[in-house]
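**Q** Sequence unavailable; structure follows:
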């Protein structure tokens, strides 16, 4: 895949993750300032419906427990502390993707996200990825198995690390599949041209 196409893809990923992260902060502030956003009542209803949609989407990815969430202007954020950490981690991986523009095979792209040399072994990459994933997994299992409740900073940091891994893996996989999809379309177009 050409570098300019990769850059565009990474920029789209950056833009989407930035907007999603921004909404986590703006929506509680908008709700706190309700019921009057604008002079027009219809516009206020549209804004409130959009706020409701953001919270509904948040419920699909997060438990939204009040005791595990931050509050802005006394309004609970759409996602919990750990999910907020994950969202910031994904956003950070999107920033790295725009700056570094990882290319090559899947493993090569992942190495670039973790600033590893091309010649670094996949074992080293796996170990680093494990270190990004492991804290959240351990923290989650400890809370299930024992009467342990992690503190907010632990949830946030474990979410941040896992989110960075999640974002780097997602964008690496998507950018690896796009050339295959392009080849499939070119192959179909070539076959149709030959048949006609």
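**A** Perfect, I can see it now. These numbers were taken from a predicted model, which means no experiment stands behind them. Numbering: from 1, shown residues only.
**Q** quick one: average pLDDT of stretch 32-41?
**A** Across stretch 32-41, the average pLDDT comes to 68.
**Q** Stretch 169-181 now?
**A** On average, stretch 169-181 scores 84.
**Q** OK, contacts around residue 172?
**A** Contact partners of residue 172, counting by CB atoms under 8 Å, 6 or more residues apart in numbering, are 102, 106, 109-110, 113. Placement of C-beta: from N, CA and C, glycine included.
**Q** For it, which non-adjacent residue is spatially closest?
**A** Leaving aside its sequence neighbours, residue 172 sits nearest to residue 109 (CB to CB, 6 or more residues apart in numbering; 4.0 Å).
**Q** Of all the residues in whichever strand or helix holds that neighbour, which ones are buried?
**A** Using DSSP states H and E, residue 109 maps to helix 106-113. Buried positions in helix 106-113, judged by neighbour count with 16 or more other CB atoms under 10 Å: 107-113.
**Q** do stretch 10-18 as well
**A** Buried residues in stretch 10-18, counted by 16+ other CB under 10 Å: 10, 13-14, 17.
**Q** In the protein, which residue is most central in space?
**A** residue 90 (3.6 Å; CA atoms, centre = their mean).
**Q** does it sit in a helix or strand, and which one?
**A** helix 81-100.
**Q** contacting residues around that helix?
**A** 7, 10-11, 13-14, 16-18, 20-21, 24, 58, 61-62, 68-70, 77, 79, 112-113, 136, 152, 155-168, 170-171.
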